[in-house]
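Asker: Predicted structure and sequence below. I'll ask about it afterward.
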Amino acid sequence: MALRATLKNKSILSGVAVMHMQNPPVNSLSLGFLTEFCIAVEKLEMDKSCRGLIITSSQPKVFSAGLDIMDMYGKNLEHYKAFWKAVQEMWLKLYTSNMVTIAAINGSSPAGGCLMSLTCDYRIMADNPRYSIGFNETQFSIGVPVWCKEAMTTIVGHRNTELTLQLGLLYNPSDALKIGLVDQLVPEDQVLATATQTMAKWLAIPDHARRIAKSMMRKPTIDKLMSIREADMQQYISFISKDSTQKMLGTYLEMLKKKKG
């Protein structure tokens, strides 16, 4: 199992699920993982007793390293389509969730990991200078989808988003807090406990009123993705299937193999 979720555990708040990502070694967002993740979120969403979701990692030093390159390299067009659809679905399910969602970021969270955390209502990160968060795609000749840009812009502003996406910037926790990419820094061993305490404050707000406010704030970004979802899919397939892109990914994978060796 790539996920370990607990609901209504006595050690946490009643009606709150804690989802521990465990897809070794770095919680890469593979097609299989994303599929399981979406199913798990959908089940929690259907459980009327579940009002909140805390997402964290069971892997040391990493929240999620982002999209799994193995699902982007050497596959057929149907696989690329299924993979990108799963990426879109993950983002939509979290971004539109009726639950209070908190990212308990207990390790590095580049690229897709940052994307996942941006969907949440609140982000708490371990105050460890060795960890980083952001979008470094352009360093690997990869761009981010427009809906990712839109979501980030609403959080950190146009200029910070532009700098991040153009330069492929990763921020240490302190700098991430300064631009608003995360909401709070705490000692590494207090990330989950702080997320639980924060969840209690959010759940003190009547669900109906909070959901209306959340929908109102996020609707423009959601509508944008829904209106371009198929075009976004075709753009991704066109890009990822190019010989130049495949060659670049192959080179990167070879470099990783040499590092492991």
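Answerer: Received the coordinates, thanks.
Asker: all strands of the chain, in order?
Answerer: 3-7, 16-21, 28-29, 52-57, 66-67, 100-105, 109-110, 122-126, 133-134, 170-171, 184-186 (DSSP state E).
Asker: quick one: which of the ones you listed is nearest Ala40?
Answerer: strand 3-7 (5.4 Å; C-beta to C-beta). Backbone N, C-alpha and C define where each C-beta goes, glycine included.
Asker: Would you mind checking the average pLDDT for the closest one?
Answerer: For strand 3-7, the mean pLDDT works out to 45.
Asker: can you check stretch 202-220 too?
Answerer: Rounded mean pLDDT across stretch 202-220 is 96.
Asker: which residue ranges form the helices in the stretch 101-250 of the chain?
Answerer: 112-118, 146-156, 158-167, 173-179, 191-203, 207-240, 243-260 (DSSP state H, counting those that start in this stretch).
Asker: mind putting those in TSV, distance to Thr96 and mean neighbour count included?
Answerer: Shown next, in TSV, are the helices of the stretch 101-250 of the chain (distance: least, C-beta to C-beta, whole Å; neighbours: other C-beta atoms under 10 Å):
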stretch	distance to Thr96	mean neighbour count
helix 112-118	14	26
helix 146-156	12	19
helix 158-167	21	15
helix 173-179	24	18
helix 191-203	17	18
helix 207-240	6	14
helix 243-260	30	12
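Asker: Identify whichever of those helices lies nearest to Asp71.
Answerer: helix 207-240 (9.6 Å).
Asker: Which strands and helices lie in contact with that closest one?
Answerer: helix 77-95, helix 146-156 (3 or more C-beta pairs under 8 Å, 6 or more residues apart in numbering; DSSP states H and E).
Asker: that older thread, between the strands of the chain, which one is nearest to Arg218?
Answerer: Closest among those, once you apply C-beta to C-beta, is strand 100-105, at 11.6 Å.
Asker: Worst mean pLDDT among the helices and strands packed on helix 207-240?
Answerer: Among these, helix 146-156 carries the lowest mean pLDDT (a mean of 92).
Asker: Residues contacting that one, please?
Answerer: Identification of contacts with helix 146-156 by C-beta atoms under 8 Å, 6 or more residues apart in numbering yields 91, 95, 115, 118-119, 135, 161, 164-165, 179-181, 217, 220-221, 224-225, 228, 232.
Asker: circling back to that earlier point, possible to save the helices and strands packed on helix 207-240 as CSV with distance to Arg130?
Answerer: Shown next, in CSV, are the helices and strands packed on helix 207-240 (distance: least, C-beta to C-beta, whole Å):
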stretch, distance to Arg130
helix 77-95, 26
helix 146-156, 22
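Asker: Ok, which of these comes nearest Ala40?
Answerer: Here helix 77-95 is closest among those (C-beta to C-beta), at 9.6 Å.
Asker: Can you tell me what sits against the closest one?
Answerer: 29, 31, 34-35, 37-38, 41-42, 45, 67, 71-72, 75, 101, 112, 115-116, 119-120, 147-148, 151, 218, 221-222, 225, 229, 232-233, 236-237, 240-241.
Asker: that older thread, using a markdown table, lay out the helices of the stretch 101-250 of the chain together with distance to Cys50.
Answerer: Output for the helices of the stretch 101-250 of the chain, formatted as a markdown table (distance: least, C-beta to C-beta, whole Å):
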| stretch | distance to Cys50 |
| --- | --- |
| helix 112-118 | 19 |
| helix 146-156 | 24 |
| helix 158-167 | 32 |
| helix 173-179 | 29 |
| helix 191-203 | 11 |
| helix 207-240 | 11 |
| helix 243-260 | 38 |
